[in-house]
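Novice: generate coordinates for the sequence data below:
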Amino acid sequence: KGPLAVAPLFLRTNQRIDGLIHVICLALLVFTLIERAVRQAIAPAEKLPGLYAGRPARPTGRLILEALAPLRLVPTAAGQPAYIPRPGPLQQHLLDLLGIDPT
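Specialist: Residues are numbered from 1 along each chain as shown. Now for the predicted structure:
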């Protein structure tokens, strides 16, 4: 149970099993910290407008990351640096709540 989906995987050594468990735990920790930071930043409000299908919703890690997903680096022609598209109002609000400057 949980927000992270893990597909079945065959690992040959105990060290690799241990490493995979550590990576999964770190991913879950980061996921939870993002959710916690946004919820603390909007307190005492419990819901964030526009996060879920245009309706106010309680910010979950999944909804936050889905809202920020379009801000991935966009590759350009060879020799040109990749860029991040301009964030929309909801994305900019989330970045402000998390204390992230996209420039």
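Novice: quick one: buried residues of the lengthiest helix in the chain?
Specialist: Using DSSP state H to define each element, the chain has its longest helix at helix 14-42. Buried residues in helix 14-42, counted by 16 or more other C-beta atoms under 10 Å: 31, 34, 35, 37, 38, 39, 41, 42. No exception for glycine: its C-beta is placed from N, CA and C like everyone else's.
Novice: element containing residue 10, please.
Specialist: Under DSSP states H and E, no helix or strand contains residue 10.
Novice: that one and residue 24, how far apart?
Specialist: Distance, residue 10 to residue 24, by C-beta to C-beta, to the nearest Å: 16 Å.
Novice: and if you look at residue 99?
Specialist: 26 Å.
Novice: with residue 87 instead?
Specialist: Distance from residue 87 to residue 24, by C-beta to C-beta: 29 Å.
Novice: what do you get for residue 63?
Specialist: 21 Å.
Novice: now swap in residue 71 and tell me
Specialist: Relative to residue 24, residue 71 is positioned 24 Å away (criterion: C-beta to C-beta).
Novice: can you check residue 7 too?
Specialist: When residue 7 is compared with residue 24 (using C-beta to C-beta), they lie 12 Å apart.
Novice: just residue 94 next, same as before
Specialist: Residue 94 is 24 Å from residue 24, by C-beta to C-beta.
Novice: so residue 100, which of the three states?
Specialist: coil (DSSP: H, G, I helix; E, B strand; the rest coil).
Novice: what's the answer for residue 46, then?
Specialist: Criterion first, three-state DSSP; result for residue 46: coil.
Novice: wait, it touches residue 58, no?
Specialist: Yes: look at residue 46 against residue 58 with C-beta atoms under 8 Å: they come within range, at 5.9 Å.
Novice: between the two, what contacts are shared?
Specialist: In terms of C-beta atoms under 8 Å, 6 or more residues apart in numbering, residue 46 and residue 58 are not both contacted by any residue.
Novice: which one's more surrounded, those two?
Specialist: residue 58 (15 against 11; other C-beta atoms under 10 Å).
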